[in-house]
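Undergrad: The following comprises the amino acid sequence and a computationally predicted model.
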Amino acid sequence: MTDAPLIAILEDEPEIRRIMADTLEGAGFRTMGFARATEFEAALRRITPDACLVDLGLPDRDGLALVHRLATESGAAIIIVSGRAQVQDRVTGLELGADDYIIKPFEPAELLARLRARLRRPAAPSRADSRAQARFAGWQADFDRYVLTSPDGAETPMSHAEAEVLRMFLDNPRRLISRGQMLETLGGSGGESFDRAMDVRISRLRSKLGEDPKNPQLIKTIYGAGYIFLAEVGWG
């Protein structure tokens, strides 16, 4: 099926790469595997994956730097699959823009379930969906291009993770969104790493929206309860 989601697998261990590919292809996905970051980055000039599975222990490049580049330059969902199990590693990966973090060794069924969860929550809608662009407080968000346009016309790129958070707010204007609701909407493993990642993504969104961090007007923190988006939103 040519319209099946394309998953890029960046993993230098051949056996792990094979297990990932077999699992995903058995579930109907298309896959492309890479052992080195240089091969993967060259391929990105000609392919547009729907999701990227990225190992951090690469032989030719720091995986975290690659995750950060993918988050800022591509619209793909990014899942780190790594043997680094420390909380700080998970927090750093999510702060740099990854959508999820799976620790090795992993169960193939878990990998498949977590990937499906990310792809069920695309920040960008399908072409048949009229909700590809939103307007609020003089701003425009384009979820096809992952771009924010300011009232004076300046464009700022969003990562996939930032776009997911913004879309959640735009879908629920003037409603309190708790941490539990954010976890349910955006997915993830919860805990400290999820909370830290959300704080960072919201902080980055506020910065891109020109918000005063001490007195934000669009994304308000309700301490002990969650967040609320205060602007009127128009779609299409």
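TA: Perfect, I can see it now.
Undergrad: contacts and neighbour counts: CA atoms only from here.
TA: Fine.
Undergrad: who's in contact with A37?
TA: Neighbouring residues of A37 by CA atoms under 8 Å, 6 or more residues apart in numbering: 10, 58, 60-61, 66.
Undergrad: one more time with 10 Å, if that's ok
TA: Neighbour list for A37: 10-12, 43, 54-55, 58-63, 66 [criterion: CA atoms under 10 Å, 6 or more residues apart in numbering].
Undergrad: So which of these wins on neighbours?
TA: D55 (29 neighbours; other CA atoms under 10 Å).
Undergrad: quick revisit: can you put the contacts of A37 in a markdown table and add secondary structure and distance to F194?
TA: Converted to a markdown table, the contacts of A37 look like this (DSSP: H, G, I helix; E, B strand; the rest coil; distance: CA to CA, whole Å):
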| residue | secondary structure | distance to F194 |
| --- | --- | --- |
| L10 | strand | 23 |
| E11 | coil | 24 |
| D12 | coil | 27 |
| A43 | helix | 31 |
| V54 | strand | 18 |
| D55 | coil | 19 |
| L58 | coil | 24 |
| P59 | coil | 28 |
| D60 | coil | 29 |
| R61 | coil | 26 |
| D62 | strand | 22 |
| G63 | helix | 20 |
| L66 | helix | 20 |
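Undergrad: Mind putting those residues into CSV with distance to A35 and pLDDT?
TA: CSV is the format used below for the contacts of A37 (distance: CA to CA, whole Å; pLDDT from 0 to 100):
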residue, distance to A35, pLDDT
L10, 6, 97
E11, 5, 97
D12, 4, 95
A43, 12, 95
V54, 10, 97
D55, 10, 96
L58, 8, 92
P59, 8, 92
D60, 9, 93
R61, 11, 88
D62, 13, 85
G63, 12, 89
L66, 14, 90
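Undergrad: what residues are up against the closest residue to T72 other than its chain neighbours?
TA: Distances taken as CA to CA, 6 or more residues apart in numbering put S159 closest to T72, at 4.8 Å, once the chain neighbours are dropped. Listed by CA under 10 Å, 6+ apart, the contact partners of S159 are 68-77, 96-98, 123, 146-147, 201, 205.
Undergrad: what about the closest residue to E95 other than its chain neighbours, how many neighbours?
TA: Leaving aside its chain neighbours, E95 sits nearest to A197 (4.9 Å; criterion: CA to CA, 6+ apart). A total of 22 residues lie near A197 under the criterion other CA under 10 Å.
Undergrad: In a helix, A197, correct?
TA: Yes - the assignment for A197 is a helix, going by DSSP: H, G, I helix; E, B strand; the rest coil.
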